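>>> Please find the sequence and the predicted model below.
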Amino acid sequence: MKTPDRTHALAACAALLLSLAGCAQAPSAPQAVLAPNANLVVQGIPPIPQSLVERVKAYTDFRGHTFVDWHPRQRQMLVAHRKQGDNVPQLHLVKSPLAPLEQLTHDAEPVWEASFEPLEGRYLVFERASGGNEAGQLYRLDLGGTKTTTLLTDPDQRHSAVAWLRGSSRLIHSSQPLDRTAQGGSRAEVTTTFWLIDPMDPRGRRKLAELPGGGWDGVAVSRDDRQLALVRYLSAGESQLWLLDIDDGRTRQVLPAPGEALRAAHYAADFTPDGRGLYFTSDRASEFTEAMLLDLASGAIRRLTPHIAWDVSGLSVSEDGRRLAMRLNVDGREELRLFDAASLKELAAPTLPPGSVKKTSFHRRGGDLAFALSGAKGPSQLFSLAVDGGRVEQWTQAQAAPGVDMANFADQSIVRWTSFDGRTISGLLTPPPPRFAGKRPVLIEIHGGPEAQARVGFQGRYNYFVQEMGLALIEPNVRGSSGFGKTFMTLDDGMKREDSVRDIGALLDWIATQPGLDASRVVVTGGSYGGYMSLAVAATYPQRIAGAIDDVGISHFVTFLTNTESYRRDLRRVEYGDERDPAMRAFFDRISPLANAHRIRRPLFVVQGRNDPRVPYTEAEQIVERVRANGTPVWYLRAENEGHGFVRKENADFRFYAMVRFLEKVLLE
């Protein structure tokens, strides 16, 4: 017989067991997820766990600085920077090296471009577009106590500031009509108009010249305010130099000289102080872009850098004309070189901090040269160099979220492989830390352009893929990239387009030979033309990749050329081919990813801005629909307030979180 105490104990145990069982069977609390903001259209993307956001968010807050302008009288820099907590970059004033930033603009839209009124620096003129539409408008920002902003331009056109006259506070700017087809209007005739405006009295602007086409850009005004140097861009491999008389509006072509049968790129830099010469860069004399000096009276050209077998990617001239600063693209890393303008001899190379030099600008009244540095260890930081004394001063400090040590980020190295035709192709490899054992998955990121170039620099958010996920990042420079000579840049033109895709096929072969890389776990990604390449690789090598990410990419060249903004259409036809030609149209119909969407069988992630004027959002919509018809998983993210790429932090963050989840799913699960 059971005693009462034992009976009570057994009953209590039974009750406890039933309670525990009930707890085990009770549903767990739902996992918190991140809701997309109201401007994001999200299709096919699984919920983003809040735990993922917390895990990766430190990699979303790298904040560098972009040089914008020197104050004309003071030793002060105007910079573009996104402060902590802000959604987009704004303009700031730095009054001395490493001084606190004084924010000047507080807009919902990003502000990157601006310049001081050149005599006293009493106000700024800055450029701002809306929602990524690239229809820039010019505004005057008074620098008094109220910081009043005044619109200077016609919102029915797109505008860009060109250059100030040196002897007065008048500004030359350009304008182009907008394509209103999407609003039911007819296509605008493509012209570029140059205007002279007093920003304090914008209604009195004067038309200088109206030129046919959309490839015109003003570069520099002569010291006597009589001439404006113009570049007429025809393609990545062909451009012309013109002069515009500011008094009467007459224009004349100076390079190639009239009657000179030459197809080459020419880019103006600045006039000599006496106005008799024009510094420019060109590949007219060799495979690479050299610095040159044109005598405007005789037409004689002097080559300044024939001894350097790399592209001169930038050229700045001091106000007094005594010094030249050049940026050399040395295998994807930009180096600073200084020259004496009188003797045209190279000066001793300055000792700079490590990194790639991204921009240079001389102060008008002093001997300072501003430059930006970017490298694997951090985003863009600004410095000044006293050209005659060699003193280097740091003006801004790159910033990262707590807990991220940028000093541990891996440097990029150059790798090379042999393509289908025996040509050597190169790229940049960022390896994961040694703690990741075994063969590592690979993320291939293809640049846009197509004539851009993967260069040494900061990887931003992508450092998370390398440092925390253990992915190897490869940035290829397939044929058609710049930086490797003008012949190499033409190897993908027209009906040679598929050869660049074959370069990625050869890269996949190379990956399979590397003991530390896993050829069975490869994702290809890219933006703009790189987005086209990602789609093309997904259709051409469907069994050799695990997935693809297309960011604002072209899915069919015919629809792209039909719908891109009018001012870009003819320029893009030179690179890709003219869709109005029956043979070229048939070629486009054969090679375009949309025509081969039935071959895309691996998971696809498509990202697009609704207001993109370059690659219209319809390119994304049509490839998403066609690939989904295969039964292939497609993630689609569209931002209603973005254009050609995401610039708002809240949108870029969501894109990054989704990209992390996509890569985890296709490469690591």
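Great, that's in hand.
>>> so who does the residue nearest to Leu594 when sequence neighbours are not counted touch?
If the residues on either side of it in the chain are set aside, Leu594 comes closest to His556, at 4.1 Å by C-beta to C-beta, 6 or more residues apart in numbering. The way it works is simple: take the backbone N, C-alpha and C, and place the C-beta from them, glycine included. Applying C-beta atoms under 8 Å, 6 or more residues apart in numbering, we find His556 in contact with 588, 592-595, 619, 622.
>>> now do Pro353
373, 383, 392, 394.
>>> tell me the phi and psi of it?
Backbone torsions for Pro353, taken as degrees, to the nearest 10, come to phi -60, psi 160.
>>> circling back: take the contacts of His556 and write them to CSV, including neighbour count and distance to Gly204.
Compiled in CSV, those are given as follows (neighbours: other C-beta atoms under 10 Å; distance: C-beta to C-beta, whole Å):
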residue, neighbour count, distance to Gly204
Phe588, 24, 48
Ser592, 23, 49
Pro593, 30, 51
Leu594, 22, 50
Ala595, 17, 54
Glu619, 29, 42
Gln622, 16, 47
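>>> Would you point out the most distant pair within the contacts of Pro353?
Leu373 and Val392 (10.1 Å; C-beta to C-beta).
>>> okay, these two: which has more neighbours?
Set side by side, Leu373 and Val392 show more neighbours around Leu373, with 25 against 15, by other C-beta atoms under 10 Å.
>>> Distance of that one relative to Ser413?
Taking C-beta to C-beta, to the nearest Å as the measure, Leu373 and Ser413 are separated by 19 Å.
>>> joint contacts of Leu373 and Val392?
Between them, Leu373 and Val392 have 352-353, 383 as joint contacts when contacts are counted by C-beta under 8 Å, 6+ apart.
>>> So which of these sits lowest on pLDDT?
Within the shared contacts of Leu373 and Val392, pLDDT reaches its minimum at Pro353, with 88.
>>> And that residue, how close does it get to Phe362?
Going from Pro353 to Phe362 by C-beta to C-beta gives 20 Å.
>>> Which helix or strand lies directly C-terminal to the helix or strand of the chain with the lowest mean pLDDT?
Every helix and strand in the chain was compared by mean pLDDT, DSSP states H and E; the lowest is helix 4-25, with a mean of 39. Proceeding N to C from helix 4-25, the next assigned helix or strand is strand 33-34, under DSSP states H and E.
>>> That next one packs against which elements?
Secondary structure elements in contact with strand 33-34, counted by 3 or more C-beta pairs under 8 Å, 6 or more residues apart in numbering; DSSP states H and E, are strand 48-49, helix 50-56.
>>> Just the buried positions in the last one, please.
Of the residues in helix 50-56, those scored as buried under the neighbour-count criterion (16 or more other C-beta atoms under 10 Å) are 52-53, 56.
>>> Going by distance to Arg63, which of these wins?
Closest approach between the buried residues of helix 50-56 and Arg63, by C-beta to C-beta: Val56, at 16.6 Å.
>>> Check what pLDDT the closest one gets.
In the prediction, the pLDDT value recorded for Val56 is 95.
>>> wait, it sits on Tyr462?
No: with contact defined as C-beta atoms under 8 Å, Val56 does not count as touching Tyr462 (11.6 Å).
>>> which residues are common contacts for those two?
Both Val56 and Tyr462 lack any common contact, where contact means C-beta under 8 Å, 6+ apart.
>>> average model confidence for stretch 324-343?
The average pLDDT within stretch 324-343 is 92.
>>> Only the buried residues of that stretch, if you could.
Neighbour counts over stretch 324-343 (16+ other C-beta under 10 Å) mark 324-330, 332-334, 336-339, 341 as buried.
>>> What ranges does this protein have for its helices?
Assigned by DSSP state H, the chain shows helices spanning 4-25, 50-56, 463-467, 486-489, 497-513, 529-540, 557-563, 566-576, 582-591, 618-628, 649-663.
>>> Could you list the residues in contact with the fourth one?
Helix 486-489 has contacts (C-beta under 8 Å, 6+ apart) with 236-237, 264-265, 283, 287-288, 451, 479-482.
>>> from these, which would you call buried?
The buried subset of the contacts of helix 486-489 (16+ other C-beta under 10 Å) comprises 236-237, 264-265, 283, 288, 451, 479-482.
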